[in-house]
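[1] Sharing a model that was predicted from the sequence below.
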Amino acid sequence: WQSFTPPAVIKHYRLCGLVLHCRLHNALKANELGTQLQNISPNTGIKIAIFDANTELKQQLEKYKPKIVINTVGPFQTANYNIAKICIECGVHYIDLADGREFVCNISNLNAAATSAKISVISGASTVPALSSAVIEQIKGEFSEITMLNYGISPGQKAERGLATTQGILTYIGKQIPAPKGSANIRYGWQDIHHITYPQLGKRWMANCEIPDFDLLPQKYNIKKMNFSAGMESSLLHLSIWSLSWLVRFGLPVKLVNYAAPLLKISQLFDWLGTKDGGMHMIFNGLNLEGRPKSIKWYIIAKDGDGPQIPTVPTIIIAKKIMRDQFDYIGAMPCVGIVSLDECIQELDGFNIKTYQV
């Protein structure tokens, strides 16, 4: 069961009986996706249901009786928990790919209801905090203390990007980002621009972004300081967004999220200037097991447009386990430490995606 599914997810589908739902204005895209899925797996009995998830979800769940709902209807920065609550009421497992800080962190408010219903409600089963925490779980054993974690994502200019992602970023650019737990460092969205050098990709511009990790990871992994950034391959577009962020920071009465659709279309006009290649970096600094300074740099590089596969992987891993009755987490929780890095890498086998650690 999938609220409008990014086309990148298509190559991953190996589960039977998934029913799709989307907002009404995405009906054409939902039908196109359904046709592609049916062509790839003609014997899986895929069904397409097109309806307004805000008003008709309960009736559709009662009609189709899916085992899992996978919610990808963003932006999650302004979303509520109605879909998750209906899933709990109907006894249907729920997973989302949310990156909204408050949305993911506060999903635990539904824990009592989800536990009583004996179902899983997992939020943030995507790049952050699912994959980021998986990398930390893999690397933390090499440190006695992680004093600083700098990480971020830089997609290729030609990589697929949707309206919800654009809306999500525009909700906080130029606005103050509350500091991670344990830190007094206040940042502003899409500011503090800097370069990161990626293997194979070279230098990419980066800027501040807000993610749920700020509230979830410092406490769990005793990370003293952390910063997350994102960037665009096109310097022109990256610096243009940086310029817009100052309008918000200076207090001008402009609500950039209202212009998400035209800004997305404008950005797509510059696709010819870039590539389909993107990456993610995680740079750890701290003390090794002997108490001496230690640094580890971890990268995942995706080429040929395979980058959008990466954020779908944690959800796919969890969904497969639920379908096989092999998932042990009952209740509502952020997706922190739930999937392993090895599982993620295995699921990405066959795509032009590589990891590096130095």
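    Structure received.
[2] and the residue of the chain most remote from its centre, helix, strand or coil?
    Taking CA atoms, centre = their mean, the residue of the chain most remote from its mean C-alpha position is residue 290, at 35.2 Å. Look at residue 290: counting by DSSP: H, G, I helix; E, B strand; the rest coil, its state is coil.
[3] ok, now the one 5 residues further on?
    Judged by three-state DSSP, the three-state class of residue 295 is strand.
[4] got a list of what it touches?
    283, 284, 285 (CB atoms under 8 Å, 6 or more residues apart in numbering). For the C-beta atoms, the positions are set from N, CA and C on the backbone; glycine is no exception.
[5] Which pLDDT value belongs to the residue nearest to the second one when sequence neighbours are not counted?
    Pointing back at residue 284 there. Counting by CB to CB, 6 or more residues apart in numbering, residue 284 lies nearest to residue 296, which is 4.5 Å off, once chain neighbours are set aside. For residue 296, the pLDDT comes out at 98.
[6] And the helices in the protein?
    27-40, 53-64, 82-90, 101-105, 111-117, 132-139, 163-170, 213-221, 235-249, 260-268, 313-323, 341-347 (DSSP state H).
[7] circling back to that earlier point, shouldn't the residue nearest to residue 284 be in contact with residue 140?
    No. Using CB atoms under 8 Å, residue 296 is not in contact with residue 140; the gap is 10.2 Å.
[8] pLDDT below threshold where in the stretch 51-200 of the chain?
    Counting by pLDDT under 70, the ranges of the stretch 51-200 of the chain that qualify are 182.
[9] ok so, going back, most neighbours, which of the contacts of residue 295?
    Within the contacts of residue 295, residue 284 tops the neighbour count with 22 neighbours, counted by other CB atoms under 10 Å.
[10] out of the helices of the chain, nearest to residue 74?
    Proximity to residue 74 (CB to CB) singles out helix 163-170 among those, at 3.3 Å.
[11] residues making contact with that closest one?
    73-78, 99-100, 189-190, 209, 230, 241, 256-257, 259-261, 263-264, 267.
[12] in it, what counts as buried?
    Under the neighbour-count criterion of 16 or more other CB atoms under 10 Å, helix 163-170 has 164, 165, 166, 167, 168, 169, 170 buried.
[13] quick one: which of these is nearest residue 278?
    Scanning those for proximity to residue 278, where the rule is CB to CB, the winner is residue 165, at 13.0 Å.
[14] picking up where we left off before, what's near enough to touch the closest residue in space to the residue farthest from the centre of the chain that isn't next to it in sequence?
    Nearest residue to residue 290 in three dimensions, chain neighbours excluded: residue 144, at 7.9 Å (CB to CB, 6+ apart). The neighbours of residue 144, taking CB under 8 Å, 6+ apart as the test, are 286, 287, 288, 289, 290, 291.
[15] can you check residue 233 too?
    Neighbours of residue 233 in contact, by CB under 8 Å, 6+ apart: 154, 155, 156, 157, 204, 274, 275, 277, 278.
[16] Generate a PyMOL selection restricted to the buried subset of these.
    Of the contacts of residue 233, the buried ones go into a single PyMOL selection, burial set by 16+ other CB under 10 Å:
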select buried, resi 154+155+156+157+204+274+277+278
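[17] Quick one: low-confidence residue ranges for the stretch 201-350 of the chain.
    Checking the stretch 201-350 of the chain against pLDDT under 70 turns up nothing.
[18] Out of the contacts of residue 233, which comes closest to residue 217?
    Of those, the one sitting nearest to residue 217 (CB to CB) turns out to be residue 154, at 20.2 Å.
[19] just to revisit the earlier point, just the buried subset of the contacts of helix 163-170, please.
    Judged by 16+ other CB under 10 Å, buried ones among these: 73-77, 99-100, 189-190, 209, 230, 241, 256-257, 260, 263-264, 267.
[20] Out of these, which sit inside strands?
    residue 230 (DSSP state E).
[21] Report the beta-bridge partners for the residue nearest to residue 200 when sequence neighbours are not counted.
    Excluding the flanking residues, the one nearest residue 200 by CB to CB, 6+ apart is residue 301, at 5.3 Å. Residue 301 has these beta-bridge partners by DSSP bridges: residue 279, residue 354.
[22] about what we covered before: among the contacts of residue 144, list the two that are farthest apart in space.
    286 and 290 (12.1 Å).
[23] Give me the pLDDT for the spatially closest residue to residue 306 that is not a sequence neighbour.
    Using CB to CB, 6+ apart and skipping the chain neighbours, the partner closest in space to residue 306 is residue 351 (4.2 Å). pLDDT for residue 351: 96.
[24] For the residue nearest to residue 284, give its distance to residue 137.
    Distance of residue 296 to residue 137, given as CB to CB, to the nearest Å: 13 Å.
[25] Next: residue 265.
    39 Å.
[26] Compare these two (neighbour count), which wins?
    Legend: neighbour count by other CB under 10 Å for residue 265 and residue 137, higher for residue 137 (17 against 11).
[27] hang on, isn't that one packed against residue 339?
    No. Between residue 137 and residue 339 there is no contact under CB under 8 Å: 9.3 Å.
[28] circling back: in strands, which of the contacts of residue 295 fall?
    283, 284, 285.
[29] so the second one sits right up against residue 358, yeah?
    Spelled out, that is residue 284. No. Using CB under 8 Å, residue 284 is not in contact with residue 358; the gap is 11.2 Å.
[30] Could you tell me which residues touch both of those two?
    Contact criterion CB under 8 Å, 6+ apart; residues shared by residue 284 and residue 358: 296, 297.
[31] what's residue 348 in contact with, if anything?
    309, 310, 313.
[32] scratch that, residue 222
    Counted by CB under 8 Å, 6+ apart, residue 222 has contacts 145, 146.
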